[in-house]
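Asks: When you get a sec, could you give me coordinates for this:
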Amino acid sequence: MKVVVTIGGLGSQFGGPSRTVPALCRALANRGVEIELIALSEIDDPDTEEDGSAFRTTVVRKRAHGRQPFPWRREFCQNVVRALTGSTPVVLYDVGLWLPSNHFISRIARRKAVPLVVSPRGMLSPRALQVSRWKKAVAWALYQKRDLKSARLLHTTSEAETQDCRARGLRNPVALVPHGVDLPPPSGVRPSTLDSRRTLLFLSRLHPIKGLSDLVHAWARVRPAGWRVVIAGPDEGNHRRDLEALISSLGMRPDFEFVGPALDEGKWKLFAAADLFVLPSYSESFGQAVAEALASGVPVITTHATPWREVLEHGCGWWIPTGADALTETLATATSRTEAELRDMGERGRNLVLANYSWTVAAGKLISAFEWLVGRGKVPDCVAPMVL
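Replies: You can find the predicted model right below:
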């Protein structure tokens, strides 16, 4: 079987999918599935192509053209059609919503009669729908609703995301398969730093939906002695400028450090140096950074807008309502814990990830769903049937 995976971009500005999609492709390839990943890329994006050892990656560069709204469309679609051609049973797996590329993929799937799997990646949550809501309302009416209804299967990563799909009237079968988690490289030594303060780490996109303003306001109320906040991730829409202005207005510049995007080795070093991790988000389909923090043995503070109730149930963090008030109370509690207490919580978090979140397990479940789509098996346990 072959799976053709398509995504609107692999740059860091695409957030979690820029990391989880290649990881999923790698896990599927390791299970013997032929994989081709086809992605769009801005001209100034860094090279995102895989080395070819596990799966093929085709990157279509976007190019500006005054007379053509989507000058990359022909090359992108030709590559997708080429990848679908052959005698091997094939599934088309498209990541994300709302982009022109997602609409083109749906049209290709219908024209070529290829099973289409759509992974919304949280883009149907109520909060996400409020971003550019009028544009999305028009897109929903013109094509996005039809495109989603034509998908043979939806892939969600949490029960909340499944509910978001149902709330939009989508009756498609749904495969509920959480992401896997890459484990940090082995290291027995905590990275040294010139700053002796303990560290609260945020690592995600710098975007209003991530709740960073709540974090700043909550920190201003608590300001625990001997602690600092490290904020890592790509800036989106100049949100960093707004945050820095807010921090300065509250007289807290010494408490915050912005370190920019952090990938691969740099990301794991930040987790290794952290005492606590926070993601005060208003919308997450999965929250990959939460899983990576737990894998690194770092206790987590996150919100009910993420699907991470387990951090509360397993004693490895705090799962709280959104907003600055709940975050203020939780920061006061969490930062008062001793280093030994936080280490114990972190160890429980790491055990949770090791036991339940594996790319191998995720790939196996999706393969069973793909096999069912091409008529090679029964409906797997991870798939909820169509709602009548």
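
Asks: May I have the predicted confidence score for Thr330?
Replies: The predicted local confidence for Thr330 comes out at a pLDDT of 98.

Asks: Doesn't it belong to a helix?
Replies: Yes. Counting by DSSP: H, G, I helix; E, B strand; the rest coil, Thr330 is part of a helix.

Asks: and it, how many neighbours?
Replies: Taking other CB atoms under 10 Å as the criterion, the count of residues near Thr330 is 22. Yep, even glycine has a C-beta here, placed from its N, CA and C like the rest.

Asks: Mark out where each domain of this structure begins and ends.
Replies: According to automatic domain parsing, the chain is divided into the following domains: 2-180+358-384, 198-356.

Asks: gap between the two ends of the shortest one?
Replies: Across its full length, domain 198-356 reaches 29 Å end to end, with CA to CA, to the nearest Å as the criterion.

Asks: Same check on stretch 140-160?
Replies: Note: stretch 140-160 ends 20 Å apart using CA to CA.

Asks: Could you give me the buried positions within that stretch?
Replies: In terms of neighbour count (16 or more other CB atoms under 10 Å), stretch 140-160 has its buried residues at 140, 143-144, 147-148, 151-158, 160.

Asks: For Asn102, state which of these is nearest.
Replies: Proximity of the buried residues of stretch 140-160 to Asn102 (CB to CB) peaks at Asp147, which lies at 6.8 Å.

Asks: from what I can see, the closest one looks like it's in a helix, true?
Replies: Yes. The secondary structure assignment for Asp147 places it in a helix, going by three-state DSSP.

Asks: what about it, distance to Met345?
Replies: With the distance defined as CB to CB, to the nearest Å, Asp147 ends up 43 Å from Met345.

Asks: Ok, Tyr282 next?
Replies: With distances taken as CB to CB, Tyr282 is found 24 Å from Met345.

Asks: Equivalent analysis for Ser41, please.
Replies: Relative to Met345, Ser41 is positioned 39 Å away (criterion: CB to CB).

Asks: do the same with Arg240
Replies: Spatial separation of Arg240 from Met345 under the definition CB to CB is 30 Å.

Asks: between the two, who's got more neighbours?
Replies: Between Arg240 and Met345, counting by other CB under 10 Å, Met345 is the more crowded of the two (24 against 17).

Asks: what number of residues lie near Gly8?
Replies: Applying the criterion other CB under 10 Å, we find 22 residues in the vicinity of Gly8.

Asks: Can you read off the pLDDT for it?
Replies: Looking at Gly8, its pLDDT reads 90.

Asks: which residues touch it?
Replies: The neighbours of Gly8, taking CB atoms under 8 Å, 6 or more residues apart in numbering as the test, are Phe14, Ala39, Leu40, Val95, Gly96, Leu99, Ser101, Asn102.

Asks: who wins for most neighbours among these?
Replies: Val95 (28 neighbours).

Asks: Just list whatever residues bridge to that one.
Replies: Each beta-bridge partner of Val95 is listed here, defined by DSSP bridges: Ser119.

Asks: ok, it - contacts?
Replies: Taking CB under 8 Å, 6+ apart, we find Val95 in contact with Val5, Thr6, Ile7, Gly8, Pro17, Val21, Ser119, Arg121.

Asks: Now, these that are in strands?
Replies: When the contacts of Val95 are checked against strands (DSSP state E), the matches are Val5, Thr6, Ile7, Ser119.

Asks: And the third one, how close does it get to Phe76?
Replies: The span separating Ile7 from Phe76 equals 11 Å under the rule CB to CB.

Asks: Pull up the overlap in contacts between the two.
Replies: Common neighbours of Ile7 and Phe76, using CB under 8 Å, 6+ apart, are Ile38, Leu40.

Asks: Gly375 - how many residues pack around it?
Replies: By other CB under 10 Å, 8 other residues sit near Gly375.

Asks: per-residue pLDDT, the residue nearest to it when sequence neighbours are not counted?
Replies: Counting by CB to CB, 6 or more residues apart in numbering, Pro89 is the residue found nearest to Gly375 once chain neighbours are left out, at 7.9 Å. The pLDDT attached to Pro89 in the predicted structure is 93.

Asks: Now do the strands in the stretch 51-200 of the chain.
Replies: Ranges of strands within the stretch 51-200 of the chain are 56-61, 90-95, 116-119, 153-156, 174-176, 198-203, based on DSSP state E, counting those that start in this stretch.

Asks: would you list those strands in JSON lines and tack on distance to Arg350?
Replies: Supplementary listing: the strands of the stretch 51-200 of the chain in JSON lines, determined by distance: least, CB to CB, whole Å:
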{"stretch": "strand 56-61", "distance to Arg350": "31"}
{"stretch": "strand 90-95", "distance to Arg350": "28"}
{"stretch": "strand 116-119", "distance to Arg350": "27"}
{"stretch": "strand 153-156", "distance to Arg350": "25"}
{"stretch": "strand 174-176", "distance to Arg350": "24"}
{"stretch": "strand 198-203", "distance to Arg350": "16"}
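
Asks: out of those, nearest to Leu263?
Replies: Each of those has some distance to Leu263 by CB to CB; the shortest is strand 198-203, at 10.3 Å.

Asks: Name the residues of whatever helix or strand comes next after the closest one that are buried.
Replies: Secondary structure here is assigned by DSSP states H and E; on that basis, the next helix or strand after strand 198-203 toward the C-terminus is helix 212-222. Within helix 212-222, the residues scored as buried using 16+ other CB under 10 Å are Leu212, Asp214, Leu215, Val216, His217, Ala218, Trp219, Ala220, Val222.
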